[in-house]
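> got a sequence here, can you build the structure:
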Amino acid sequence: MFKTIFASTLLASTIAGVHLASAEEFSQMIAFSGALSDTGNYNAELGKDRPAPFYKNRSTNGPVAVEELARWLGMAAEPSMHLTAKTGGTNFAVADALAGGHGPHDLPAQVDAFLERNGGKADPNALYFVFIGGNDVIKAVQEMDDATSRKTLSDAVDGIELQIKRLVENGAKTIYAPDFIDVGKSPAVLAYGPEASARATMLSDEYNRQFDAMLDKIDDGSFTLIRWSFDDFVKDIEANGSRLGLTNATEACLDVADKCDVDRFIYLTGEYPTARVHQMLGSAMALSLTDRMNGNVREAKVN
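Prediction:
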């Protein structure tokens, strides 16, 4: 996996301005997600911009991973603005969205908004990026009762399953569904000590086990399911990132007393990664997608 991370970073730095040619070109990319992918929906409804160093109402100091993924594919990840307007882009992510929730920001409402805008139909030639569940894992970690936490996790997985099936039933043919990281290793949780970290790791692992089992169940050949491990990606960066200059994996850059060198930190805040990590994440996801669609053949094409 580290070779994939390193290759993604190297390619991103040496062939900037290109996008990957897929054996099956997608007409567009539709994103359903939370804070890691929100490019403005949450703050548009809030009516207030995030302060520096946050970039254009993202959760980090630069473009987020879904934008990097879109760039590699020659596409865009503009906010849908579905919370405040009738028209907008194809990125329905909302910062605080839950996979297992039923509020106006949550995954079912994102899919509702997408289908409503498109006459109840899902473009069969589009790529559907379903990258959600992180807020549910964080919610489960914050709940003190283990039974309640486990229900939160199972509700999240059930919610993702239901919405993937809904997209497929309405025409979607390609779903990209990454798992989530071990939040027990995030600075926000590490600050509470080893016991809290161990419990968060246990719940994160449980979520990914349930998520993987769900994907196994629904992967029936009626659509193309692309799986990718965000968890493995972050673990490799935490273990080997110093080779890429990422020397701080345990602290949030914004929590450091002196001005931090943001490009050496994995985390900008206690929960969310820096723009550099987002860039690496988006590149790795793009290369993994292209490998899958091209039968492990990569091709760079100048715009």
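> tell me if residue 207 really is in a strand.
No - looking at residue 207 with DSSP: H, G, I helix; E, B strand; the rest coil, it is helix, so not inside a strand.
> ok, it to residue 285 distance?
Going from residue 207 to residue 285 by C-beta to C-beta, to the nearest Å gives 19 Å. Bear in mind the C-beta positions are built from the backbone N, C-alpha and C, glycine included.
> looking at the two, which one has more neighbours?
Residue environment comparison for residue 207 versus residue 285 gives the larger neighbour count to residue 207, 29 against 24, counting by other C-beta atoms under 10 Å.
> so that one sits against residue 133, correct?
Yes - under the contact definition of C-beta atoms under 8 Å, residue 207 touches residue 133, with a separation of 6.6 Å.
> any shared contact partners between the two?
Counting by C-beta atoms under 8 Å, 6 or more residues apart in numbering, the contacts common to residue 207 and residue 133 are 156, 157, 179, 180.
> and the most centrally placed residue in the chain, what does it touch?
The centre of the chain sits closest to residue 131, judged by C-alpha atoms, centre = their mean, with a distance of 4.3 Å. Contacts of residue 131 were listed using C-beta under 8 Å, 6+ apart, and they are 31, 32, 33, 34, 36, 37, 66, 93, 176, 177, 178, 230.
> which residues in this protein form helices?
Counting by DSSP state H, one finds helices in the chain at the ranges 2-14, 41-46, 65-72, 107-117, 134-142, 146-169, 187-190, 194-218, 230-240, 275-294.
> can you give me every residue that contacts residue 27?
Remark: with contacts taken as C-beta under 8 Å, 6+ apart, residue 27 is in contact with 123, 125, 126.
> now rank the residues you listed by neighbours and give me the top one.
Within those, residue 126 tops the neighbour count with 20 neighbours, counted by other C-beta under 10 Å.
> for residue 174, see how far away that residue is.
7 Å.
> intersection of neighbour lists for the two?
Both residue 126 and residue 174 are in contact with residue 26, where contact means C-beta under 8 Å, 6+ apart.
> ok, residue 261 to residue 112 distance?
When residue 261 is compared with residue 112 (using C-beta to C-beta), they lie 43 Å apart.
> neighbour count: these two, which is higher?
In this view residue 261 and residue 112 are compared by other C-beta under 10 Å, and residue 112 has more residues nearby, 16 against 12.
> how far away is the more buried one from residue 231?
To residue 231, residue 112 is 29 Å away according to C-beta to C-beta.
> rewinding a little: okay if I get the shared contacts of residue 207 and residue 133 as CSV plus distance to residue 241?
Putting the shared contacts of residue 207 and residue 133 into CSV (distance: C-beta to C-beta, whole Å) gives the following:
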residue, distance to residue 241
156, 28
157, 29
179, 19
180, 19
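> who wins for most neighbours among the residues you listed?
residue 156 (28 neighbours).
> check contacts around that residue.
Applying C-beta under 8 Å, 6+ apart, we find residue 156 in contact with 98, 99, 100, 133, 136, 137, 207.
> okay, now the nearest residue to it once chain neighbours are set aside: neighbour count?
The shortest distance from residue 156 to any non-neighbouring residue, by C-beta to C-beta, 6 or more residues apart in numbering, is to residue 136 (3.5 Å). Summarising burial for residue 136: neighbours were counted as other C-beta under 10 Å, giving 27.
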